[in-house]
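**Student:** Here is a sequence together with a model predicted from it:
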Amino acid sequence: MNSAYIASILNSTLRSTTPILLAALGSAVCSRVGVFNIALEAQMLIACFFSIAVNYTTGSVLLSVAAGILSGALVGLIVAVLQVKYGAADMVIGTSLNLLVQGGTTFLLYLFFGLRGVLNDPKLVSLHKINLPLIRDVPFLGRALENLTILDYLCYVIAVLLFIYLFKTVSGFRTLSVGINKPAAESLGTKATRIQMGMVILSGALCGLGGTALSMGQVIMFTENMTSGRGFIAMAAASLGMSHPLLTILSSLFFGLCQGVGLALQTVIKSQLTMTLPYIATIVALVAFSRRGGGTAKLKKQAPKS
């Protein structure tokens, strides 16, 4: 295994990590305010569809990204209204939305484009690929960072900004207090329900950005159920990262590495086997984490630290 091959795996890892990390950050902000949002898959998948649909119609990358974010946020708004405002069961709402969006995008694909399974066209415009000056000429590093999109870099910036907001600002402390003890936060005048709804909508927007990265970054197409469980992998990444933005980067990179290695092994092992690697890693990681007494429920016992 030479350095070029390792660099290629790292490049694939970074690409695979982006949608997982963005969705995991969405899961993390929900957990921090005490909302269990399992509709991440729906939020990502609907963004995959609408970003490509707008891309096909307008040819504008900016409008496509906006469509992905807004569609994900819209599903987040539905979750916020039903779960937070009206107290509906989280499992019921999340599962229903996941199934609804999975079937709905298939129906819309046929309704608007007369296609079944795949929307792929040469006129689709991808996200701009970035090759950093100077770094691209470095043999190993240049290959590892080759042709990454703006979203591949932006996801790490978003994680850092979320960390600063949650742990370094007064408003962030109020947000964390809602997840720790909602009645106590409300007794101090905090608009707890409003904060929870806002974070769930933000979660939808982040997942929407992740779905856009998936459909317009790694490939330029939409396929039925193209998220393939990445929303649930993102939930696992957020749990392993204890819903901490910076730790979530590391856990997301772990799952991205599993996908990158799986793709690299397809040349020597049947793809049906290598495609299961991320899901096997998810199960093993969650089992190992739970045996150590971790989990999102532990967050409620943790006070925010400055």
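**Tutor:** Nice, thanks for sending it over. Every value quoted in this text rests on a predicted model; they were computed, and no experiment measured them.
**Student:** can you pull the contacts of residue 54?
**Tutor:** 60, 63-64, 66-67 (Cβ atoms under 8 Å, 6 or more residues apart in numbering). C-beta here means a position set from N, CA and C on the backbone, and glycine is covered the same way.
**Student:** any idea how far residue 272 is from it?
**Tutor:** 33 Å (Cβ to Cβ, to the nearest Å).
**Student:** Same check on residue 288?
**Tutor:** Taking Cβ to Cβ, one finds residue 288 at 25 Å from residue 272.
**Student:** Those two: who's more crowded?
**Tutor:** residue 288 (11 against 8; other Cβ atoms under 10 Å).
**Student:** State the distance from the more buried one to residue 23.
**Tutor:** 21 Å.
**Student:** same deal with residue 217?
**Tutor:** Going from residue 217 to residue 23 by Cβ to Cβ gives 14 Å.
**Student:** So for the two, which sits in the more crowded spot?
**Tutor:** residue 23 (36 against 21).
**Student:** Just give the nearest non-adjacent residue to the more buried one, would you?
**Tutor:** Of all residues not flanking residue 23 in the chain, residue 234 sits nearest, at 3.5 Å (Cβ to Cβ, 6 or more residues apart in numbering).
**Student:** did I read that right, the one you found in a helix?
**Tutor:** Yes - counting by DSSP: H, G, I helix; E, B strand; the rest coil, one finds residue 234 located in a helix.
**Student:** Helices along the stretch 101-250 of the chain, start to end?
**Tutor:** 139-144, 150-168, 170-180, 182-187, 192-213, 230-240, 245-264 (DSSP state H, counting those that start in this stretch).
**Student:** Which of those helices sits closest to residue 43?
**Tutor:** When the helices of the stretch 101-250 of the chain are compared by Cβ to Cβ, helix 192-213 sits nearest residue 43, at 3.5 Å.
**Student:** Counting by contacts, list what that closest one packs against.
**Tutor:** If you count contacts as 3 or more Cβ pairs under 8 Å, 6 or more residues apart in numbering; DSSP states H and E, helix 192-213 packs onto helix 3-32, helix 40-58, helix 61-79, helix 150-168, helix 170-180, helix 182-187, helix 230-240.
**Student:** Extract the C-alpha trace of that helix and format it as CSV.
**Tutor:** Output of helix 192-213 as CSV, limited to C-alpha atoms (Å, rounded to 0.1, in the frame of the first residue of the first chain):
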residue,chain,number,x,y,z
ALA,A,192,-37.7,27.2,26.1
THR,A,193,-40.2,26.0,23.6
ARG,A,194,-39.1,28.7,21.1
ILE,A,195,-35.5,27.7,21.6
GLN,A,196,-36.3,24.0,21.1
MET,A,197,-38.3,24.7,17.9
GLY,A,198,-35.5,26.9,16.6
MET,A,199,-32.9,24.2,17.2
VAL,A,200,-35.0,21.5,15.5
ILE,A,201,-35.5,23.8,12.4
LEU,A,202,-31.7,24.4,12.4
SER,A,203,-31.2,20.7,12.5
GLY,A,204,-33.4,20.4,9.4
ALA,A,205,-31.3,23.1,7.7
LEU,A,206,-28.0,21.3,8.5
CYS,A,207,-29.4,18.0,7.3
GLY,A,208,-30.6,19.7,4.2
LEU,A,209,-27.1,21.0,3.6
GLY,A,210,-25.8,17.5,4.1
GLY,A,211,-28.3,16.1,1.6
THR,A,212,-27.2,18.7,-0.9
ALA,A,213,-23.6,17.7,-0.4
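**Student:** Which positions within it qualify as buried?
**Tutor:** 192, 195-213 (16 or more other Cβ atoms under 10 Å).
**Student:** Equivalent analysis for stretch 258-274, please.
**Tutor:** Under 16+ other Cβ under 10 Å, the buried positions of stretch 258-274 are 258-265, 274.
**Student:** cool, stretch 81-95 as well?
**Tutor:** Neighbour count says stretch 81-95 has 82-84, 90, 93-94 buried, by 16+ other Cβ under 10 Å.
**Student:** Excluding chain neighbours, what is closest to residue 208?
**Tutor:** residue 72 (2.1 Å).
**Student:** same question but for residue 81, I mixed them up
**Tutor:** residue 197 (7.4 Å).
**Student:** Kindly provide the distance from that neighbour to residue 204.
**Tutor:** 11 Å.
**Student:** Pull up the overlap in contacts between those two.
**Tutor:** By Cβ under 8 Å, 6+ apart, the residues touching both residue 197 and residue 204 are residue 77.
**Student:** wait, doesn't residue 230 sit right on residue 213?
**Tutor:** No - using Cβ atoms under 8 Å, residue 230 makes no contact with residue 213, being 10.5 Å away.
**Student:** quick one: contacts for the residue nearest to residue 81?
**Tutor:** So residue 197 contacts 77, 80-81, 84-85 (Cβ under 8 Å, 6+ apart).
**Student:** What confidence value was assigned to it?
**Tutor:** Here the pLDDT value assigned to residue 197 is 97.
**Student:** If anything else comes up later, I'll come back, but that's it for now.
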